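K.L.:
got a predicted structure plus its sequence, pasted below:
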Amino acid sequence: MLAAMFDAEKAVADFVRFGSVSADPSAKAGMDGAVRFLSELLRRHCGCEVEVVPTPGHPVVIGRRGGDPAWPHVVVYGHYDVQPQDPLDEWNTPPFEPVVKNGFMYGRGTADDKGPLMVHIAAFAKLLEAYPDFPVRATFLVEGEEEVGSVNLAAVMEAKKEELAGDFVLMSDTNNAGPDDATITTGLRGLACLEVILRGPKQDLHSGINGGPVMNPIRALAKLCAGLHDEKGRVTIPGFYDAVRPALDWEKAELARMGDNVEAYKKLLGVPAFVTPEGYGVFESRSFGPTLEYNGITGGYQGPGSKTIIPAKASVKISCRLVPDQEGEAILDLVDKAIRARCPQGVTMEIIHHSAGDPYVVLPPHLSGEGLDSAKARAFAAADREVRASFGNPPHYLREGGSVPILSDIRRILGMDALMLGVALPDSCMHSPNENLSLEVFRRCTKVSEAIWKAVARK
């Protein structure tokens with residue numbers, strides 16, 4: 001017997017209270033708590049048999065609601081892990097104590113991905129309350145390592161691919177264009193992450209006694225990083241752009257429909273100007289262009305006052321966001337080779353590869369020419385209709401600049417494409433302090449999800 005009257009917003013708040021930071025070994029209690037909470041939720045409200053699959057890292061939660069093998073099978077993907085909460089002093093409220101203010105819920109994971117995942121859990125639970133024999137099989141595939149590269153999920157899917165394969169994947173780890181502008185995401189960038197460490201002297205040196213003949217690793221690192229982009233903002237690594245697939249005409253038209261309010265975007269981000277790579281506009285560059293970014297740089301003394309040294313080492317963390325048809329591993333190798341060839345004299349270099357994932361693009365059935373009677377096609381059509389009804393505007397079909405690299409593995413291993421319904425907003429502060437979820441958008445998206453489930457059930 002299912003528990004009745006699922007309170008979706010309370011469930012989000014309860015979920016957020018678990019500090020499930022996958023990158024932090026000290027957050028094990030939060031990770032374990034999130035697994036227990038999610039498992040019980042799927043059992044009580046979605047009629048699922050739950051399996052917690054151990055991995056060399058964090059476990060995968062699989063909730064299965066079976067039924068007639070002839071019923072359509074929808075796989076909901078999400079993740080229960082969250083980004084680290086640092087810097088704590090920039091949060092207005094405690095990151096793992098959710099607070100609702102002015103229609104927004106604040107807390108780490110509200111927008112990425114506990115709130116969005118709950119949209120589809122809530123919609124399915126509500127339908128089961130009204131229709132206990134609802135004719136759809138559902139599998140909830142929820143991992144605990146999305147924020148650290150999904151390093152173990154592919155192996156789990158390989159081991160269980162027959163039972164996990166369904167008609168399509170439903171997920172919401174993506175953004176909306178605005179509170180009244182829902183987005184059905186049609187592409188995500190791939191990712192290639194590495195770290196470069198330069199070492200000079202065997203220990204920190206007195207910068208007066210030894211300054212002059214000794215190459216400072218920070219100076220060497222600054223020179224190296226500065227040379228990875230030209231004066232027009234393009235990445236200078238040979239072959240970096242060779243595989244880039246041009247955007248299609250309909251994709252450009254959808255992006256143009258968003259308008260080109262550069263000043264509003266600057267204000268939103270708090271930057272004085274944009275510096276886009278040659279060949280791309282501001283909004284084109286974040287949708288259709290690849291990037292090479294510096295995510296963190298370290299070297300020398302970081303405390304108060306001065307400490308006049310030549311440090312023994314300096315390092316930089318680099319990530320590349322990739323577009324079709326770039327491949328994550330291939331770009332890692334390109335970047336590695338180019339950086340090694342540019343190692344400044346007077347230092348030694350170590351490069352650590354952290355993760356790589358390929359970009360992902362899916363064409364909505366009504367734009368791809370695919371038959372419109374499949375469960376996936378009915379789902380896309382229902383999403384389009386209900387977005388118009390709930391948001392008052394047609395959905396935007398846009399590529400997004402972020403990455404969910406596991407989607408390429410889902411397509412390769414399980415043979416499924418994804419319907420990606422945005423829930424977060426441009427100012428949801430994903431990965432930043434004061435992460436938040438619009439409860440109004442959450443409610444609207446839950447209605448859209450209900451319409452998707454109902455459309456899939458119809459034959």
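P.N.:
Cool, got the structure. Numbers count the residues shown, from 1 in each chain.
K.L.:
only C-alpha atoms from now on, for both contacts and neighbour counts.
P.N.:
Fine.
K.L.:
now the helices for the chain?
P.N.:
Using DSSP state H, the helices of the chain run over 8-16, 28-46, 114-130, 153-159, 161-164, 217-226, 249-257, 262-269, 282-287, 328-341, 365-368, 375-391, 406-414, 439-457.
K.L.:
got CSV for those, with mean neighbour count, mean pLDDT and distance to H79 too?
P.N.:
As requested, these are exported to CSV (neighbours: other C-alpha atoms under 10 Å; pLDDT from 0 to 100; distance: least, C-alpha to C-alpha, whole Å):
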stretch, mean neighbour count, mean pLDDT, distance to H79
helix 8-16, 20, 98, 12
helix 28-46, 19, 98, 10
helix 114-130, 23, 97, 7
helix 153-159, 17, 98, 11
helix 161-164, 16, 96, 16
helix 217-226, 18, 98, 33
helix 249-257, 13, 90, 28
helix 262-269, 12, 90, 26
helix 282-287, 18, 92, 23
helix 328-341, 17, 97, 21
helix 365-368, 12, 75, 26
helix 375-391, 21, 96, 22
helix 406-414, 20, 94, 11
helix 439-457, 22, 98, 17
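K.L.:
ok, which of these comes nearest F104?
P.N.:
For the helices of the chain, distance to F104 was read as C-alpha to C-alpha. The smallest value, 5.6 Å, belongs to helix 439-457.
K.L.:
report all helices and strands that that closest one contacts.
P.N.:
With contacts defined as 3 or more C-alpha pairs under 8 Å, 6 or more residues apart in numbering; DSSP states H and E, helix 439-457 has these neighbours: helix 114-130, helix 375-391.
K.L.:
contacts only, for S22.
P.N.:
Shown in contact with S22 (C-alpha atoms under 8 Å, 6 or more residues apart in numbering): 31, 58, 81-83, 144-145, 147-148.
K.L.:
restricted to strands, list those.
P.N.:
Taking DSSP state E, every one of the contacts of S22 sits outside strands.
K.L.:
farthest pair within those?
P.N.:
H58 and Q83 (14.4 Å).
K.L.:
how deep is the nearest residue to P116 once chain neighbours are set aside tucked in, by neighbour count?
P.N.:
The shortest distance from P116 to any residue other than its chain neighbours is 5.3 Å, reached at S172 (C-alpha to C-alpha, 6 or more residues apart in numbering). When neighbours are counted by other C-alpha atoms under 10 Å, S172 registers 30.
K.L.:
what about S172, distance to K114?
P.N.:
10 Å (C-alpha to C-alpha, to the nearest Å).
K.L.:
what is in contact with the two at once?
P.N.:
Contact criterion C-alpha under 8 Å, 6+ apart; residues shared by S172 and K114: G78.
K.L.:
what about stretch 154-166, how long is it end to end?
P.N.:
End-to-end distance for stretch 154-166: 16 Å, by C-alpha to C-alpha.
K.L.:
identify the residues contacting that stretch?
P.N.:
53, 55, 72-75, 139, 406, 409-410, 413-416.
K.L.:
also stretch 234-243?
P.N.:
With C-alpha under 8 Å, 6+ apart as the criterion, stretch 234-243 contacts 227-230, 277-278, 290-292, 324-326, 331, 334-335, 338.
K.L.:
could you rerun that using 10 Å?
P.N.:
With contacts defined as C-alpha atoms under 10 Å, 6 or more residues apart in numbering, stretch 234-243 is touched by 227-230, 276-279, 289-293, 322-327, 330-331, 334-339.
K.L.:
how about that stretch as PDB, C-alpha atoms only?
P.N.:
Taking C-alpha atoms only, stretch 234-243 is exported to PDB below (Å, rounded to 0.1, in the frame of the first residue of the first chain):
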ATOM      1  CA  ARG A 234      40.400  31.500 -29.200                       C
ATOM      2  CA  VAL A 235      42.100  28.500 -27.800                       C
ATOM      3  CA  THR A 236      45.600  28.100 -29.300                       C
ATOM      4  CA  ILE A 237      45.900  24.300 -29.000                       C
ATOM      5  CA  PRO A 238      46.400  22.800 -32.500                       C
ATOM      6  CA  GLY A 239      43.400  20.800 -33.600                       C
ATOM      7  CA  PHE A 240      41.200  22.000 -30.800                       C
ATOM      8  CA  TYR A 241      38.400  23.300 -33.100                       C
ATOM      9  CA  ASP A 242      38.800  20.700 -35.900                       C
ATOM     10  CA  ALA A 243      35.900  18.400 -34.900                       C
END
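K.L.:
quick one: average confidence on it?
P.N.:
Regarding stretch 234-243, the rounded mean pLDDT is 97.
K.L.:
buried ones in it?
P.N.:
Along stretch 234-243, these residues count as buried under the neighbour rule (16 or more other C-alpha atoms under 10 Å): 234-237, 240-241.
K.L.:
neighbours around V244, how many?
P.N.:
When counting by other C-alpha under 10 Å, one arrives at 17 neighbours for V244.
K.L.:
just checking, it touches P290?
P.N.:
Yes: contact criterion C-alpha atoms under 10 Å: V244 and P290 qualify, at 8.0 Å.
K.L.:
shared neighbours of the two, anything?
P.N.:
322-324, 326.
K.L.:
need those in TSV with neighbour count, can you?
P.N.:
TSV is the format used below for the shared contacts of V244 and P290 (neighbours: other C-alpha atoms under 10 Å):
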residue	neighbour count
L322	32
V323	30
P324	21
Q326	23
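K.L.:
okay, those in CSV with distance to D167 next?
P.N.:
Shown next, in CSV, are the shared contacts of V244 and P290 (distance: C-alpha to C-alpha, whole Å):
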residue, distance to D167
L322, 27
V323, 26
P324, 24
Q326, 27
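K.L.:
from these, which two are the most distant?
P.N.:
Spatially, the most separated pair among the shared contacts of V244 and P290 is L322 and P324, at 7.0 Å (C-alpha to C-alpha).
K.L.:
identify the contacts common to these two.
P.N.:
In contact with both L322 and P324: 188-190, 243-244, 288-290, 358-360, using C-alpha under 10 Å, 6+ apart.
K.L.:
now, those that are in strands?
P.N.:
Taking DSSP E as the definition of strands, those contribute 188, 190, 360.
K.L.:
and which of these is nearest Y265?
P.N.:
L188 (20.3 Å).
K.L.:
give the contact list for the closest one.
P.N.:
By C-alpha under 10 Å, 6+ apart, the contact set of L188 is 174, 287-288, 321-324, 358-362, 398-405, 407-408.
K.L.:
repeat for W71
P.N.:
Applying C-alpha under 10 Å, 6+ apart, the residues near W71 are 134-138, 456-459.
K.L.:
which two from those end up farthest apart in space?
P.N.:
Spatial extent of these (C-alpha to C-alpha) is set by the pair A138 and K459 at 16.5 Å.
K.L.:
so for the two, which residue has more residues nearby?
P.N.:
Neighbour totals were compared for A138 and K459, and A138 leads with 24 against 10 (other C-alpha under 10 Å).
K.L.:
that one touches V50, doesn't it?
P.N.:
No: contact criterion C-alpha under 10 Å: A138 and V50 do not qualify, at 11.8 Å.
K.L.:
per-residue pLDDT, the closest residue to P98 other than its chain neighbours?
P.N.:
Leaving aside its sequence neighbours, P98 sits nearest to G107 (C-alpha to C-alpha, 6+ apart; 4.9 Å). G107 is assigned 98 on the pLDDT scale.
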